[in-house]
Structure formats: structure tokens, C-alpha cells
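S.K.: I need the structure of the sequence given here:
(one chain, ligands or ions: 1)
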Amino acid sequence: MELPELRPDTPPEERDRRQRRRVRQQEMCRQKKISEIETAMHRLELVDHPDVTFSNKIIDAYDNINDICFNGRLPPGKDTIHWSPTPYRYAGGCMYGVHGVVVGIVLNVSITSLPEMISVVVHEMMHADVEIRRLPIGMQSHGRHFKDGVKRAVEALQGQLDVLHNIVGTEITLDAKTVGKSRSVSTYRRSEGITDGLPD
Ligand SMILES: [Zn+2]
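M.R.: Numbers count the residues shown, from 1 in each chain. Take a look at the predicted model:
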């Protein structure tokens, strides 16, 4: 709803009242959009990971990557990571976020290789960070901020691969090219707050 223009003689309390109403309306819009994204995410077939050890390792790795690469900006792994056999268009993963809020990261439960999954996790975490920092996402959601971020994140992780190795119990190698790649850029749907991709 558009509010009429304020006249110069509008008393300050009326200005304040309208300003508060405007803020309330914006907040309602924001909450509505966030709940739409939550609904979109839950429309997927979300499942418990059949291998609890595997999923715990991924959550642990996520939390460590969050500290190493993102100063802990991203929400905790246990609240954020979900599993599905059908993330958006069967990608390796899919980040659901809008208005600077990360609603969730859905990972493809059929990926059983820990190194491959870590690559997907870093890719989706980068989408989450771009959302949280409200950076321009660029072409197909893999724009300059995404790519630069991947480069920095991979560099930081390369110095701490032993941390990841200790968590997952297997050798992890990471390179920016693999992490930054998305299998199908046509799956990008920014307007719906959904970004996804699968490193090739
Ligand atoms: Zn992507």
C-alpha cells in the first residue's frame, strides 16, 4: 500500500507513525518472502541421511569451514544442512536464501564421496555468504563476488586441509575451479532466492 506524500506541515508524530508503519510493512514483506522460501525448500523430499556418521562429518566440516572461511557468519550446520534425493533439478546441492537470510542448504543424499561432498558444501556455503552479505550475485548467481569468494575460501582451506582430514577421516583436496563450477547454470533462479549448482 502506498502512503500519500507527507505535506511539509505534517506534524512530527504523524511522520513517526507513518515511518513505523512503513518499517512494519517492509518487515511483513520480508517475513512473507522468507516463509515462501522455507515452503519451497520443504516442498523437496527432505530425508534423514541414511548414514548418520557421514552427515555428522559434513555438519562438523561445515561448522569448521564457516569459522575458517566466513568468520562464523553463516548459521550453524545442524540448523542449515538438509538432505534430499532431489535438490533443485538434481544438483549436488542447493542454497535457499532471501533478504540476507539463509533458510537452508539442501545436499544431494546420493553423493557418497566425502571429498566430492565437501566441494559441494563449500560451493553452497559461498552462495550462502553472498546472500548473507547481500552482495550482487552477478550472472547466473556465479558472479564476481561468488568467484572471488571461492578463490579466497579455497586458499584459506588449503592451509587447513589437515583440519578437514581429521574431521572426515579421508584425504581432501580442493581447488577453486572445481568448487566454483556449476553443472547447470540454467538452474539458477535468483528471483526465488534459490541458488544451486554442482561442481563438475
Ligand atoms: Zn552455484
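
S.K.: Give me the secondary structure label for Ser110.
M.R.: coil (DSSP: H, G, I helix; E, B strand; the rest coil).

S.K.: quick one: contacts for the residue lying closest to it once chain neighbours are set aside?
M.R.: The shortest distance from Ser110 to any non-neighbouring residue, by CB to CB, 6 or more residues apart in numbering, is to Pro85 (6.0 Å). Backbone N, C-alpha and C define where each C-beta goes, glycine included. Pro85 is in contact with Glu45, Val47, Asn108, Val109, Ser110, counting by CB atoms under 8 Å, 6 or more residues apart in numbering.

S.K.: could these go into a markdown table alongside neighbour count, distance to Val23 and pLDDT?
M.R.: Listed next are those as a markdown table, based on neighbours: other CB atoms under 10 Å; distance: CB to CB, whole Å; pLDDT from 0 to 100:
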| residue | neighbour count | distance to Val23 | pLDDT |
| --- | --- | --- | --- |
| Glu45 | 12 | 38 | 88 |
| Val47 | 12 | 39 | 95 |
| Asn108 | 22 | 39 | 90 |
| Val109 | 22 | 41 | 90 |
| Ser110 | 12 | 44 | 88 |
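
S.K.: Let's have these in CSV, adding distance to the ion.
M.R.: CSV is the format used below for those (distance: CB to the ion, whole Å):
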residue, distance to the ion
Glu45, 21
Val47, 22
Asn108, 13
Val109, 18
Ser110, 18
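
S.K.: for the chain, which spans come out with low pLDDT?
M.R.: Applying pLDDT under 70 to the chain picks out residues 1-4, 88-90, 139-140, 182-200.

S.K.: And the strands in it?
M.R.: Using DSSP state E, the strands of the chain run over residues 81-84, 93-98, 101-108, 194-197.

S.K.: just checking, what packs against the third one?
M.R.: Using 3 or more CB pairs under 8 Å, 6 or more residues apart in numbering; DSSP states H and E as the contact test, the elements touching strand 101-108 are helix 12-43, helix 77-80, strand 81-84, strand 93-98, helix 114-132.

S.K.: Can you tell me the centre-most residue of the chain?
M.R.: Nearest to the mean C-alpha position of the chain, counting by CA atoms, centre = their mean, stands Ala128 at 2.6 Å.

S.K.: Give me the nearest residue to that one, chain neighbours excluded.
M.R.: Using CB to CB, 6+ apart, the nearest residue to Ala128 is Val102, at 4.5 Å.
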